[in-house]
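**Q** Got a predicted structure plus its sequence, pasted below:
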Amino acid sequence: RDVEVADFREREAEADLDVGREFGNWGEVRAGIHRVNGNTHPRFGDPALVDRKFNDGELFFKWSYDRLDSVDFPRTGQRYSLQWDARRPALGSLAPSDQLSANWLMARSRGRDTLLLWSSAGTTLRGTIQPTSLQDFYTLGGFLNLSGLAAQSLTGPNYAIGRAAYFRQIGHGGAGMLEFPAYLGMSFEAGNVWQRRGQIDWGTARKDVSLFLGFDTPLGPLYVGGGYDTTGSSAYYLFLGRTF
């Protein structure tokens, strides 16, 4: 079973300056500068493990393709994206580094049943991220990101995760104020964070499952659910916001 050695909370503000081009209603390329500044507060653990204050900057380039029929509860289509991030001291970062991340999601449905296949990965290609710069690492943990773990409880310079999720529409909604389309679903997830790319393999991946109930509300999708990790950890969720 995992042992929690520290718990930190971040407060940050972000700003982007970018340019891009859209391709119809299915694709986009975008490039620009991303800035983030904030501070980290230890709830418990050694404060020296992280930077108490940070002010980072990076260049980024992102290409995306999106043919999903819905951003809340997709039933058909695909979406994939590729992003490169370049941190440089001239922009405020402590050390130079380059990261590449990719994301792919496919939805297929028959009647009221929907199957989602979803994978995400990211790697640090060049340079070194300072161990105390938590804001520069990839994170896992949370609903559909290893659902049996608390949100953002794993951090590292390389990550990969694959997911298979199924949900069934059990309510169509209605005209009443509190009558929303409802979905009952489950997921299987396998992934982890790694210090080096050569360590990535199925044997060191964590395996999680989840059960959830979702509502398609006018304010966005509302989820109630729980997850279990094969190490024995579990987590429960009640939140409003997009997941896919």
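**A** All right, it came through fine. Note that this is a predicted model, so its numbers are computed, not measured.

**Q** Not including adjacent chain positions, what is the nearest residue to the residue nearest in space to the middle of the chain?
**A** Against the mean C-alpha coordinate of the chain, by C-alpha atoms, centre = their mean, the closest residue is N145 at 6.3 Å. Spatially, and ignoring its direct neighbours in sequence, N145 is nearest to I161 (6.6 Å; C-beta to C-beta, 6 or more residues apart in numbering). All C-beta atoms are positioned from the backbone trio N, CA, C, and that covers glycine.

**Q** That neighbour in helix, strand or coil?
**A** strand (DSSP: H, G, I helix; E, B strand; the rest coil).

**Q** tell me which residues of the helix or strand harbouring D85 are tucked away?
**A** Using DSSP states H and E, D85 falls within strand 77-87. Neighbour-count burial for strand 77-87, with 16 or more other C-beta atoms under 10 Å as criterion, is recorded at G77, R79, S81, Q83, W84, D85, A86, R87.

**Q** hang on, the earlier thing: just list whatever residues bridge to the residue nearest to N145.
**A** I161 has the following beta-bridge partners by DSSP bridges: S120, G191.

**Q** for the one 10 residues further on, same thing?
**A** Under DSSP bridges, the beta-bridge partners of G171 are A182.

**Q** Could you do Y65 as well?
**A** G27, Y80.

**Q** Just the pLDDT for the nearest residue to Y236 once chain neighbours are set aside.
**A** Leaving out its chain neighbours, the residue that sits closest to Y236 by C-beta to C-beta, 6+ apart is G226, at 4.5 Å. As predicted, G226 sits at a pLDDT of 97.

**Q** got the contact list for G226?
**A** For G226, the contact set (C-beta atoms under 8 Å, 6 or more residues apart in numbering) comprises S147, S210, L211, F212, S234, A235, Y236, Y237.

**Q** Please, a ChimeraX command that selects the buried ones among those?
**A** Here is the ChimeraX command that picks out the buried ones among those, judged by 16+ other C-beta under 10 Å:
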select :147,210,212,235,237
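
**Q** Tell me where this structure has strands.
**A** Along the chain, the stretches classed as strands by DSSP state E are 7-23, 27-44, 53-66, 77-87, 97-110, 113-127, 138-140, 154-156, 158-172, 181-194, 206-217, 220-229, 234-240.

**Q** Show me which residues of the second one are buried.
**A** Neighbour-count burial for strand 27-44, counted by 16+ other C-beta under 10 Å, picks out E28, R30, H34, V36, N37, T40.

**Q** Can you lay out the residues you listed as a markdown table showing distance to S109 and pLDDT?
**A** Converted to a markdown table, the buried residues of strand 27-44 look like this (distance: C-beta to C-beta, whole Å; pLDDT from 0 to 100):
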| residue | distance to S109 | pLDDT |
| --- | --- | --- |
| E28 | 25 | 97 |
| R30 | 30 | 97 |
| H34 | 35 | 90 |
| V36 | 38 | 83 |
| N37 | 43 | 80 |
| T40 | 42 | 74 |
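
**Q** and which of these is nearest to G156?
**A** T40 (16.9 Å; C-beta to C-beta).

**Q** May I ask you to confirm that the closest one is in contact with F54?
**A** Yes. Using C-beta atoms under 8 Å, T40 makes contact with F54 at a distance of 7.4 Å.

**Q** Now the common contact residues for those two.
**A** Common contacts of T40 and F54 (C-beta under 8 Å, 6+ apart): Q135.

**Q** Could you pull up the contacting residues of T243?
**A** With C-beta under 8 Å, 6+ apart, T243 has these contacts: F143, L144, P221, Y223.
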